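*Asks:* Please find the sequence and the predicted model below.
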Amino acid sequence: MVIKISGDIGVSPVHNLINERVQKIQISKIREFSTMAAKYKDVISLTIGQPDFNTPAHVKTAGQLAIEENHTTYPPTAGYPDLRKAACNFVAEKYDQHYDFETETLVTNGATEAIYIALRTILDEKSEVILPVPIYSGYEPVIHLCGATPVYVDTRNTDFKLTASALKQAITDKTRCVILATPMNPTGVTLSSEELEAIRDVLVDKDIFVVSDEVYSELLYDGKHASIAQKSGMKDKTVVINGLSKSHAMTGWRVGFTFAPSWITEQMIKVNQYAITAVSSISQYAAIEALTNGMDDSIAMRDEYHRRRDYVYDRLQAMNLDVVRPNGAFYFFPSIAKYGKTSLQFALDLLENARVAVVPGDAFSEFGEGYVRLSYAYSMDKLEAGLDRFEAYLRKIQ
Ligand SMILES: Cc1ncc(COP(=O)(O)O)c(C=O)c1O
């Protein structure tokens, strides 16, 4: 039987035939809110988690050259060997993470698809996945698509960090995976080497995978990036995710990576094959350039984010907001609970009355209720003007 669905599936008599898990997941509230904010005039938006820098010129040229030189045919599913080699070399030099480019890495369509294939490969219906919350909205819908169950660990009273003791309490016989991210979205918090060591001590003798999202690893303001995969006994069960969206201002090119033992990688390649075949050949050529001649492209951007981080932190403190000082990425996650509004009411009111857009905290799980996320991937002028309006608004509703 061929079923033709036309128009609005919500009113079609066959709409119930859509996969139940797909029906249940939602479009990211971050996107939803930014799209809505864009409809207002004269709005200063501090919503987007996307670098406000251009892709470095030499990287763009490499992409143009790839087209000129007809590198426009199907690439290998795992990605071009030269790119895998460059990616492995990059993480080895920068973070002392060592992977074999032939068997332990995979080029993905951004970190987003890396998350998708990692979870698709690891999870089934019986799995529980531990999520430290509030958390980036890109994991939970995929967990639901796999039919698995998210188990939340509330980090609000531990400066948004997953602690070893909280993790221990959340583990059951069904725990298949722990999601770790450092630096984190939406809080900008990072896990130190010592904190990761304590988490390692809980996990090392358990049959539990770790998906370690390190897409902001180049944007760290104090100290060095640390990864759970570097801890003794952990590399063998960890999928490290990284990518070029944030480090090289390449969100539109869609290049990400997984780094994992060969026996996980060879399974993930199959999922990659049927999801996307391979990442765009043109983007891959640009990525080779980014990871070879542009190893340090992120430094100037990071320094500028650092300056903005300090500025925004001072401003939020002066507004008497309860906020954790972030050490990475480009977000602040202040509490707005004392104003007696939900995150959504607060963000809508701020938008309508002060023409500033921020993301309601519940976009990052229900544990983000009572907070809002501000991005500082915006110019200093914009930040200053946006924060002036924000401050005036807070004074009005005090
Ligand atoms: C923690 C985290 N992981 C992954 C992603 C997705 O990145 P990509 O553009 O590489 O798909 C984002 C994007 O904001 C993110 O914040």
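*Replies:* Looks like it arrived, so ask away. Remember, it's a predicted structure, so these values are computed and weren't measured experimentally.
*Asks:* gap between the closest residue to residue 71 other than its chain neighbours and residue 383?
*Replies:* Closest residue to residue 71 apart from its sequence neighbours, by Cβ to Cβ, 6 or more residues apart in numbering: residue 281 at 5.0 Å. Using the backbone N, CA and C atoms, a C-beta is placed for each residue, glycine as well. Per Cβ to Cβ, to the nearest Å, residue 281 is found 37 Å from residue 383.
*Asks:* Residue 126 too?
*Replies:* Distance from residue 126 to residue 383, by Cβ to Cβ: 47 Å.
*Asks:* Return the residues of the protein in contact with the ligand.
*Replies:* 49, 110-112, 136, 138, 181, 185, 213, 215, 243, 245, 251, 256 (Cβ under 6 Å from any ligand atom).
*Asks:* Any idea how many residues pack against the residue in the chain positioned nearest to the ligand?
*Replies:* Residue nearest to the ligand within the chain (Cβ to the nearest ligand atom): residue 110, separated by 2.7 Å. Using other Cβ atoms under 10 Å, residue 110 has 24 other residues around it.
*Asks:* show me what contacts it?
*Replies:* If a contact means Cβ atoms under 8 Å, 6 or more residues apart in numbering, then residue 110 has 243, 245, 251, 254, 255, 256 as its contacts.
*Asks:* Do you have the strands of this structure handy? List them.
*Replies:* Applying DSSP state E to the chain gives strands spanning 44-45, 105-108, 128-133, 149-154, 175-181, 209-213, 238-243, 256-259, 331-332, 356-357, 359-360, 372-375.
*Asks:* any idea how far the fifth one is from the chain center?
*Replies:* The chain centroid and the centroid of strand 175-181 are separated by 14 Å under Cα atoms, centre = their mean, to the nearest Å.
*Asks:* where does the residue nearest to residue 386 when sequence neighbours are not counted land on pLDDT?
*Replies:* Residue nearest to residue 386 in three dimensions, not counting chain neighbours: residue 44, with 4.0 Å by Cβ to Cβ, 6+ apart. Here the pLDDT value assigned to residue 44 is 95.
*Asks:* Residue 44 is in contact with residue 382, isn't it?
*Replies:* Yes - applying Cβ atoms under 8 Å, one finds residue 44 in contact with residue 382, separated by 6.0 Å.
*Asks:* quick one, which of those two is more surrounded?
*Replies:* Of the pair residue 44 and residue 382, residue 44 is the one with more neighbours under other Cβ under 10 Å, namely 22 against 16.
*Asks:* can you pull up the bridge partners for that one?
*Replies:* residue 356 (DSSP bridges).
*Asks:* quick one, what contacts it?
*Replies:* With Cβ under 8 Å, 6+ apart, residue 44 has these contacts: 355, 356, 357, 382, 385, 386, 389.
*Asks:* For the worst-scoring helix or strand of the chain on mean pLDDT, list every residue counted as buried.
*Replies:* The weakest-scoring helix or strand in the chain, judged by mean pLDDT, DSSP states H and E, is helix 29-37 (a mean of 83). Residues 29, 30, 33, 34, 37 are the ones in helix 29-37 that count as buried (16 or more other Cβ atoms under 10 Å).
*Asks:* returning to what we had before: so which two of the residues of the chain next to the ligand are the farthest from each other?
*Replies:* Spatial extent of the residues of the chain next to the ligand (Cβ to Cβ) is set by the pair 181 and 251 at 17.2 Å.
*Asks:* How about residue 217, nearest residue that isn't a chain neighbour?
*Replies:* Using Cβ to Cβ, 6+ apart, the nearest residue to residue 217 is residue 225, at 4.5 Å.
*Asks:* Please give me every residue in contact with that neighbour.
*Replies:* 94, 95, 182, 190, 214, 217, 218.
*Asks:* same check, this time on residue 37
*Replies:* Each residue near residue 37 by Cβ under 8 Å, 6+ apart is listed here: 43, 45, 47, 351, 357.
*Asks:* hang on, isn't residue 151 packed against residue 167?
*Replies:* No - between residue 151 and residue 167 there is no contact under Cβ under 8 Å: 10.4 Å.
*Asks:* out of these two, which sits in the busier spot?
*Replies:* More neighbours surround residue 167 than the other of residue 151 and residue 167, with 21 against 17 (other Cβ under 10 Å).
*Asks:* re earlier: would you mind checking the contacts of residue 37 for buried ones?
*Replies:* Judged by 16+ other Cβ under 10 Å, buried ones among the contacts of residue 37: 43, 45, 47, 351, 357.
*Asks:* doesn't residue 285 make contact with residue 65?
*Replies:* Yes - using Cβ under 8 Å, residue 65 is in contact with residue 285, at 7.1 Å.
*Asks:* which of those two has more neighbours?
*Replies:* Set residue 65 next to residue 285 and count neighbours by other Cβ under 10 Å: residue 285 wins out with 23 against 14.
*Asks:* Show the secondary-structure elements that the helix of greatest length in the chain is packed against.
*Replies:* Counting by DSSP state H, the longest helix found in the chain is helix 298-318. Contacts defined by 3 or more Cβ pairs under 8 Å, 6 or more residues apart in numbering; DSSP states H and E place helix 298-318 against strand 331-332, helix 380-397.
*Asks:* Does anything pack onto the longest one? Which helices or strands?
*Replies:* The criterion is 3+ Cβ pairs under 8 Å, 6+ apart, and the helices and strands that helix 380-397 contacts are strand 44-45, helix 298-318, helix 343-354, strand 356-357.
*Asks:* neighbouring contacts of the last one?
*Replies:* Pointing back at strand 356-357 there. 33-34, 37, 40, 43-47, 347, 350-351, 386, 389-390, 393.
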